[in-house]
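Participant: got a predicted structure plus its sequence, pasted below:
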Amino acid sequence: MTGNILGERFVLVSFGESHGKAVGAVVDGCPAGLSLTEEDIQRELDFRRPGTSPVATPRAEADKVEILSGVFNGYTEGSPICLMTRNTDTDSRPYEKIRSLPRPGHADYVARMKYGGFNDYRGGGRFSARRTTAYVMGGAIAKKLLLKTLGTRIVAYTVEIGGVKAEPVAFEEAEAHRYDNDVRCPDQEAAESMRRKIMDTKGHGDSVGGIVECVAQGVPLGLGEPCFSALDSDLARAMLSLPAAKGVDFGSGFEGSRLLGSENNDPLTVNKEGRVVPTSNNAGGILGGLSSGMPIVLRVAFKPRAVVPGIESEPIEQALVLQDVPRRIAVGDQEVDVRQLAANELVFLIRNRRFQTIQNGGNLLRISADIALCVY
């Protein structure tokens, strides 16, 4: 089961299953000298922690992080940083049924067929949104590193749930107020409507989807490469690794496809500092796969949580008996529901960062870098 690594020189490795002993991350490539404590990581994990709201998953996990390596006397050493949080709310009895009755809209059936029944099915196993705990851990380090070295600030928030849309807000307002409610929307009036929509739909035994927007300010010009290493393609790849993510757009995105070219264009001008800058940002801060120096704006669409309807189990069970694969080890053939639509932080993971310590980084604006975005 490959595909658990994100990045090249700044690398995140995700490990663990939903009902296993623990979930965690290994971060490799973080330079030495970054101030880092468990409190830094815990602060971000607490925003993601389940069981804190009726609009989120009821699973109750403390999610207390442990830093096992890579940090000494409060600073990163430059060696791999291993982080872990133990699973405690792991009653697996309700999942015994899916051994023979896979849930529609989940990976139960396809995972069973691909891995020959060896995969951990409890709580969805490796396909559970529980794995995004690792994204938060690695992202907390990356976000702190970006702020310290480049002054980059990143904020993410809910802009739509179940067709209820929020009004646009300024970066500072979103940064200050996105956690004022449990749907993580800085537009408080829209947030209340979103919450009612969730609870009303939940009362009918159904679910809704939504859209999260992320804005990154202070991203230097020129990050990314053309073609297959374009900044937006790297970001989209990371975003679509999130369970239930079904679409990503940048800037004016899909709405821009309905505009005229003259409406969607970003004319250039010269600012007071003598720099050439766009007068608008329909491109979302990326042109030709390279960062333009404008804020990067992207949105991620999440499907509704899969609802299991009342179905007869016998035909499915019989079909599984006929289709079941032998229990074998598949060699060479190894190759996702965020449980709450309220936005947790989306953070950047640095790639291709060419410095070894915080102190000797030099002029970071001249360092060739790619950025991959990771979500909680």
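Facilitator: The structure has been received and is ready for your questions. Numbering: from 1, shown residues only.
Participant: which stretches of the stretch 101-250 of the chain have low pLDDT?
Facilitator: Using pLDDT under 70 as the threshold, the predicted model of the stretch 101-250 of the chain has no low-confidence range.
Participant: can you rerun that using 80?
Facilitator: Judged by pLDDT under 80, the stretch 101-250 of the chain has its weakly predicted residues at 101, 123, 125.
Participant: what of the stretch 251-376 of the chain?
Facilitator: For the stretch 251-376 of the chain, the stretches with pLDDT under 80 are 307-376.
Participant: quick check: closest non-adjacent residue to Val208.
Facilitator: Nearest-residue entry for Val208: Gly162, 3.3 Å, with adjacent residues in sequence omitted and distances by Cβ to Cβ, 6 or more residues apart in numbering. For the C-beta atoms, the positions are set from N, CA and C on the backbone; glycine is no exception.
Participant: any idea how far Gly151 is from the one you found?
Facilitator: 36 Å (Cβ to Cβ, to the nearest Å).
Participant: looking at those two, which one has more neighbours?
Facilitator: Counting neighbours by other Cβ atoms under 10 Å for Gly162 and for Gly151 shows that Gly162 has the greater number, 19 against 12.
Participant: for that one, what are its contacts?
Facilitator: Under the criterion of Cβ atoms under 8 Å, 6 or more residues apart in numbering, the contact list for Gly162 reads 194, 197-198, 201, 208-210.
Participant: can you pick the most crowded of those residues?
Facilitator: Taking other Cβ under 10 Å to define a neighbour, the member of the contacts of Gly162 with the most is Met194, carrying 30 neighbours.
Participant: list the residues that contact that one.
Facilitator: Each residue near Met194 by Cβ under 8 Å, 6+ apart is listed here: 158, 161-162, 164, 166, 183, 185, 210.
Participant: which of the residues you listed lies closest to Ala216?
Facilitator: Of all the contacts of Met194, the one sitting nearest Ala216 is Thr158; the distance, using Cβ to Cβ, is 17.1 Å.
Participant: now do the SS call for the closest one.
Facilitator: Recorded secondary structure, Thr158: strand (DSSP: H, G, I helix; E, B strand; the rest coil).
Participant: distance of the nearest residue to it once chain neighbours are set aside from Ala129?
Facilitator: Closest residue in space to Thr158, ignoring its immediate chain neighbours: Cys185 at 4.3 Å, by Cβ to Cβ, 6+ apart. From Cys185 across to Ala129, the span is 20 Å (Cβ to Cβ).
Participant: same question for Asp266.
Facilitator: Remark: distance between Asp266 and Ala129 (Cβ to Cβ) = 36 Å.
Participant: between the two, which one's more packed in?
Facilitator: Legend: neighbour count by other Cβ under 10 Å for Asp266 and Ala129, higher for Ala129 (24 against 17).
Participant: the more buried one against Phe302, yeah?
Facilitator: No: here Ala129 lies out of contact with Phe302, judged by Cβ atoms under 8 Å, at a distance of 10.4 Å.
Participant: which residues in the stretch 1-150 of the chain form helices?
Facilitator: Defined through DSSP state H, counting those that start in this stretch, the helices belonging to the stretch 1-150 of the chain, from first to last, are 38-48, 108-115, 132-150.
Participant: wait, Ser241 touches Leu6, no?
Facilitator: Yes: between Ser241 and Leu6 there is a contact under Cβ under 8 Å: 7.4 Å.
Participant: these two: which has the busier surroundings?
Facilitator: In terms of neighbours (other Cβ under 10 Å), Leu6 is the more surrounded of Ser241 and Leu6; the figures are 23 against 19.
Participant: local confidence estimate at the more buried one?
Facilitator: Leu6 carries a pLDDT score of 90 in this model.
Participant: brilliant, that's me finished.
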